[in-house]
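Provide a 3D model corresponding to the input given below.
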Amino acid sequence: SHQDSTFLFTEPRQTCLGLWLALDDATIENGCMWVRPGSHREAVRRAFVRNPLYFEEGDMTQPHMLFESVHDNDDDGDRDMKQNSSFISWEGKLPLNSWPPPCCGLFEAGFVPVECKAGDLLAFPGRLDHLSLANYSSSPRHTFQLHLIEGEQSGVRWSKRNWLQYPNGEYFMHL
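As a prediction, the model looks like this:
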């Protein structure tokens, strides 16, 4: 599982909004989205960042990107949930006994499947802990995904340490 804000980190607060459009019906059998209700109130647990040893010091033997633990200081979430978000032992992977189906480990970890019909749109904040499993059926499961963040006009900055950067100080497209 993961939080999208891990990869789309903004400062001083997290503003990522994920949009997941089902182009085919999405079921447990063909890999629907699974979410952990209430996890959107937890802090972002880690950030995917550029490795300064590679990018700033020029050490080409180092990996380009790293995962760093994050201590999210936002005041817009539930502080008790933030303090308890360190209990996630499966960060970046599946909870124990999640695969193969019937996915008991996901249910035990508090995840619920979100089955949807073609044309349904799921919208969720970047802090939401979620995942989708492999399609082990003969049915297709295609999606279109888009992520939005607030911009400078809202007092929000794209982190200079994010893995994804435009060259020469350019900015992302404004909508």
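
ok, which stretches of this structure are helices?
Taking DSSP state H as the test, the helices found in the chain are 52-55, 79-83, 104-108.

Check these for me: which has the lowest mean pLDDT.
Within the helices of the chain, the least confident segment by mean pLDDT turns out to be helix 79-83, at a mean of 37.

where does the chain dip in pLDDT?
Under the criterion pLDDT under 70, the flagged ranges of the chain are 71-87, 169.

residue contacts, the nearest residue to residue 145 once chain neighbours are set aside?
Ranked by Cβ to Cβ, 6 or more residues apart in numbering and with sequence neighbours excluded, the top spatial neighbour of residue 145 is residue 20, at 5.4 Å. For glycine as for every other residue, the C-beta is placed from the backbone atoms N, C-alpha and C. When the contact criterion is Cβ atoms under 8 Å, 6 or more residues apart in numbering, the partners of residue 20 are 33, 121-124, 143-145.

go on, residue 51?
Residue 51 is in contact with 62-66, counting by Cβ under 8 Å, 6+ apart.

Now rank those residues by neighbours and give me the top one.
When neighbours are counted by other Cβ atoms under 10 Å, residue 66 leads the contacts of residue 51 with 17 neighbours.

My guess is that residue contacts residue 49. True?
Yes. With contact taken as Cβ atoms under 8 Å, residue 66 and residue 49 are classed as touching, separated by 5.8 Å.
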